[in-house]
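# Next comes the sequence, and after it the predicted model I'd like to discuss.
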Amino acid sequence: MAEAQAIDANSGDVPAETTERATRQLPKENTVRVRNLIKRYEMGTSIVGALQGVNFEIRRGEYISIIGPSGSGKSTLFNMIGGLDKPTEGRVYIDEVDIAQLDAYELAWLRCRKIGYIFQSFNLIPVMTALENVSLPMIFGGMTADDSRQKGADLLTLVGLGDRIQHKPLELSGGQQQRVAVARSLANDPAIVLADEPTGNLDTHTGLEIIALLKQLNEENGVTIITATHDTKMLDVSDRIFYMADGKVEKIETRDEIDLQVGRLDGQEVG
């Protein structure tokens, strides 16, 4: 397991941005812990191994990017962490609670209160306004209508949409819809936000805005961000990068261990 390397911030040859990352202190406790995670699916007479013995820990307040080709197991892993599917073998712990031991009511509570979701396709309800989309999870969580509307307006203001709260999704641009989705993911003050290709349907400029917004929320609110992505720009704000292939986490690197510059990865131009 790769760990963040200690850096002497007083040495004269450490770049300022590297020093800033090194001095950002993260709590030592884990918010996600995965042990020997295995998931198999029956496809007719065949058995497909989607996850094959995955092990890792994610500390509270980390920004994690999970990358890998289609079919590598990223979405399956997200479903396991988010409590949307159960592993064939192994354990997933959220705040040191083994979610396999929860009954249906407890699992629903965990998904509502502990985990926020951001989807590539936004998944907003088209007949509801931005404010109603953001407020709905709070109502499911037991908040009063008045309180949920006030908090929803505050969250939309936080993501830069304070003047768009009464607009419906089709009246918003793709970037604005994704900002609504980000606000919705924070509705019940989750410990973890799972972002599945959050910039996948956005242009480069808008994608950078969403990346910056997620990083801001990560640093200022202490939310643990776990994102599955093909977007190399996302790696530049990540604390650690998990590389997946064939249902396994092949390696884990810290941000300072990868050769990444704006617009370049391993010395080659990237789109």
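Great, that's in hand.

# Touching, Leu208 and Thr232? I think so.
No - in this structure, Leu208 is not within contact of Thr232 by C-beta atoms under 8 Å, at 11.8 Å. Where you see a C-beta, it was placed from the backbone N, CA and C, and this is true even at glycine.

# can you give me the helices in the stretch 101-250 of the chain?
Per DSSP state H, counting those that start in this stretch, the stretch 101-250 of the chain carries helices over the ranges 104-113, 130-140, 145-158, 174-185, 204-221, 232-235.

# Let's have those in JSON lines, adding distance to Pro87 and mean pLDDT.
Compiled in JSON lines, the helices of the stretch 101-250 of the chain are given as follows (distance: least, C-beta to C-beta, whole Å; pLDDT from 0 to 100):
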{"stretch": "helix 104-113", "distance to Pro87": "14", "mean pLDDT": "91"}
{"stretch": "helix 130-140", "distance to Pro87": "25", "mean pLDDT": "96"}
{"stretch": "helix 145-158", "distance to Pro87": "32", "mean pLDDT": "95"}
{"stretch": "helix 174-185", "distance to Pro87": "24", "mean pLDDT": "94"}
{"stretch": "helix 204-221", "distance to Pro87": "27", "mean pLDDT": "89"}
{"stretch": "helix 232-235", "distance to Pro87": "26", "mean pLDDT": "85"}
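
# Quick one: closest of those helices to Ile67.
For the helices of the stretch 101-250 of the chain, the distance to Ile67 is smallest for helix 232-235, at 7.4 Å, taking C-beta to C-beta.

# can you give me how far that closest one is from the chain middle?
Averaging C-alpha positions (C-alpha atoms, centre = their mean, to the nearest Å) puts helix 232-235 13 Å from its chain's average.

# now for that helix, which elements pack on it?
On a contact count with 3 or more C-beta pairs under 8 Å, 6 or more residues apart in numbering; DSSP states H and E, helix 232-235 meets strand 63-67, helix 204-221.

# For Val92, find the nearest of these.
Among the helices and strands packed on helix 232-235, strand 63-67 sits nearest to Val92 (C-beta to C-beta), with 14.5 Å.

# just how off-centre is that closest one within its chain?
The answer for strand 63-67 is 8 Å, by C-alpha atoms, centre = their mean.

# Using CSV, write out the CA atom coordinates for that strand.
In CSV, the C-alpha atoms belonging to strand 63-67 read as follows (Å, rounded to 0.1, in the frame of the first residue of the first chain):
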residue,chain,number,x,y,z
TYR,A,63,-9.2,12.8,-2.5
ILE,A,64,-8.9,9.5,-4.4
SER,A,65,-9.0,8.8,-8.1
ILE,A,66,-9.6,5.3,-9.4
ILE,A,67,-8.5,4.8,-13.1
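
# which outside residues touch it?
Here strand 63-67 makes contact (C-beta atoms under 8 Å, 6 or more residues apart in numbering) with 58, 74, 77, 214-215, 218, 224-230, 234-235, 237-244.
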